[in-house]
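A.B. asks: build me a model from this:
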Amino acid sequence: MADHLDAPGLMSPNMDARIDVTDIYAFQAPDDPTRAVLILNVNPLAPTLATAFSPDAIYELKIDTNGDAVADIAYRVRFSDPALGPQTAMVHRATGAAAAGANDGGPIIVNGALVDLAKTSTPTITSSGGYKFYAGIRSDPFFFDLAAFLGLAPHAHPLDFTDPGSDFFIDKNVFSMVLSATKSQLLGPNARVGYWARCLVLVDGIWTQKDRMGRPAINTVFNHGADKNTFNSIPPTEDRSLFLDKFIAVLEGAPFNRDAATATTLASVLLPDILTYDYANAGGFLNGRRLEDDVIDAELQLLTGSATISDFVGPHTDYLSVFPYIGTPH
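C.D. replies: Below you'll find the predicted structure:
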């Protein structure tokens with residue numbers, strides 16, 4: 001999985017699917033090369049596990065513009081209480097020190113955006129001050145042979161993939177937040193940025209991080225047991241000090257079996273867990289991440305050193321060529 005159900009026991013962080021990050025994306029808009037797109041998806045298997053966004057959470061899209069793993073721009077999405085009427089969204093944009101902190105501050109750039117919680121074919125899009133914003137239920141764009149990775153019969157071990165593979169996510173839905181603007185407006189003047197996302201909830205009156213994601217499949221593959229929750233709770237600036245040695249050990253062991261020097265190099269690339277993106281380059285993963293990018297094959301090849309390993313499943317056919325780009329829900 002990318003980041004679906006990444007708490008111990010294949011559960012949602014904080015036991016709350018509404019704040020369970022499944023995937024993030026950053027790419028050039030396919031219908032306008034002057035614009036960039038950020039996506040944050042939550043709520044795996046929607047709407048089975050949750051039927052609305054959480055009104056008690058901050059959904060945060062973090063942008064590092066200078067390579068220090070600290071956010072210089074933050075987009076914070078808050079949702080109204082669905083018990084009080086149709087759910088709406090508000091988006092704040094914070095910069096500088098305010099962006100690095102845990103709060104819902106920053107000027108409002110989108111307000112009163114209607115949220116699509118019904119499985120409709122026509123998405124409700126809000127435009128404001130050069131931004132486009134969408135929030136609602138969409139087709140899960142992720143693709144992966146999950147059964148093979150879990151070693152379920154007839155697969156002997158996590159890298160025992162067969163052709164053709166079986167895409168577990170082909171008919172699944174998620175809750176999506178999609179934000180687009182001109183590249184410099186959305187991501188700042190420096191084309192090379194880092195992007196990650198996180199979800200926060202109040203614990204004893206303090207905004208507390210419960211889930212986060214940068215590159216796909218990092219927490220789900222490399223961490224086990226309580227380490228999964230620890231990883232979800234820390235900022236990227238702490239990744240190497242707390243997890244570099246553990247990542248090296250995973251890479252040295254089965255099924256990757258990399259030598260010590262290669263394992264150290266790979267772990268140092270993977271941490272801190274931030275999706276790097278050069279918006280002057282229209283290419284995809286490892287440069288940002290487009291919906292159609294086969295991130296699992298790319299990461300399997302990177303981690304194993306094999307140029308041919310694959311899970312033998314490919315992109316979905318329901319991606320849209322126009323905003324919000326993610327397909328109509330199933």
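A.B. asks: and for residue 264, the neighbour number?
C.D. replies: Neighbour count for residue 264, taken as other Cβ atoms under 10 Å: 17. (Each C-beta comes from the backbone N, C-alpha and C, glycine too.)
A.B. asks: distance of the closest residue to residue 323 other than its chain neighbours relative to residue 33?
C.D. replies: In this structure, residue 323 finds its nearest non-sequential neighbour in residue 132, 5.3 Å apart by Cβ to Cβ, 6 or more residues apart in numbering. To residue 33, residue 132 is 15 Å away according to Cβ to Cβ, to the nearest Å.
A.B. asks: those two: which is more packed in?
C.D. replies: Here residue 132 and residue 33 are compared on neighbour count by other Cβ under 10 Å; more neighbours surround residue 132, at 18 against 10.
A.B. asks: name the element that one belongs to?
C.D. replies: Assigned by DSSP states H and E, residue 132 belongs to strand 131-139.
A.B. asks: quick one on the thing from earlier: hang on, isn't the residue nearest to residue 323 packed against residue 181?
C.D. replies: Yes: between residue 132 and residue 181 there is a contact at 7.3 Å, judged by Cβ atoms under 8 Å.
A.B. asks: where does the nearest residue to residue 35 once chain neighbours are set aside land on pLDDT?
C.D. replies: Distances taken as Cβ to Cβ, 6+ apart place residue 29 nearest to residue 35, at 4.1 Å, with adjacent residues excluded. On pLDDT, residue 29 comes in at 98.
A.B. asks: and for residue 29, the neighbour number?
C.D. replies: 19.
A.B. asks: residues in contact with it?
C.D. replies: 35-37, 180, 323, 325 (Cβ atoms under 8 Å, 6 or more residues apart in numbering).
A.B. asks: could you export those as JSON lines, including secondary structure?
C.D. replies: Shown next, in JSON lines, are the contacts of residue 29 (DSSP: H, G, I helix; E, B strand; the rest coil):
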{"residue": "35", "secondary structure": "strand"}
{"residue": "36", "secondary structure": "strand"}
{"residue": "37", "secondary structure": "strand"}
{"residue": "180", "secondary structure": "strand"}
{"residue": "323", "secondary structure": "coil"}
{"residue": "325", "secondary structure": "coil"}
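A.B. asks: now those in CSV, with pLDDT, neighbour count and distance to residue 142?
C.D. replies: Formatted as CSV, those follow (pLDDT from 0 to 100; neighbours: other Cβ atoms under 10 Å; distance: Cβ to Cβ, whole Å):
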residue, pLDDT, neighbour count, distance to residue 142
35, 98, 20, 23
36, 98, 25, 20
37, 98, 25, 16
180, 98, 25, 20
323, 98, 21, 19
325, 98, 24, 14
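A.B. asks: which one of those is nearest residue 282?
C.D. replies: Each of these was scored against residue 282 by Cβ to Cβ, and residue 36 proved nearest at 10.5 Å.
A.B. asks: skipping its backbone neighbours, what lies nearest that closest one in space?
C.D. replies: residue 183 is the one closest to residue 36 (Cβ to Cβ, 6+ apart), at 4.5 Å.
A.B. asks: and the one you found, how many neighbours?
C.D. replies: Neighbour number of residue 183 under other Cβ under 10 Å is 20.
A.B. asks: over to residue 229?
C.D. replies: Per other Cβ under 10 Å, the neighbour tally for residue 229 reads 17.
A.B. asks: before we move on, back to that, against residue 318, how distant is the residue nearest to residue 35?
C.D. replies: Counting by Cβ to Cβ, the gap from residue 29 to residue 318 is 18 Å.
A.B. asks: equivalent analysis for residue 73, please.
C.D. replies: 30 Å.
A.B. asks: do I have it right that the residue nearest to residue 36 meets residue 279?
C.D. replies: Yes: between residue 183 and residue 279 there is a contact under Cβ under 8 Å: 4.6 Å.
A.B. asks: find residues that contact each of these two.
C.D. replies: Common neighbours of residue 183 and residue 279 (Cβ under 8 Å, 6+ apart) are 28, 36, 191.
A.B. asks: which stretches of the stretch 51-200 of the chain form strands?
C.D. replies: All strands of the stretch 51-200 of the chain, identified by DSSP state E, counting those that start in this stretch, fall at 57-64, 73-79, 88-95, 108-114, 126-128, 131-139, 173-182, 192-203.
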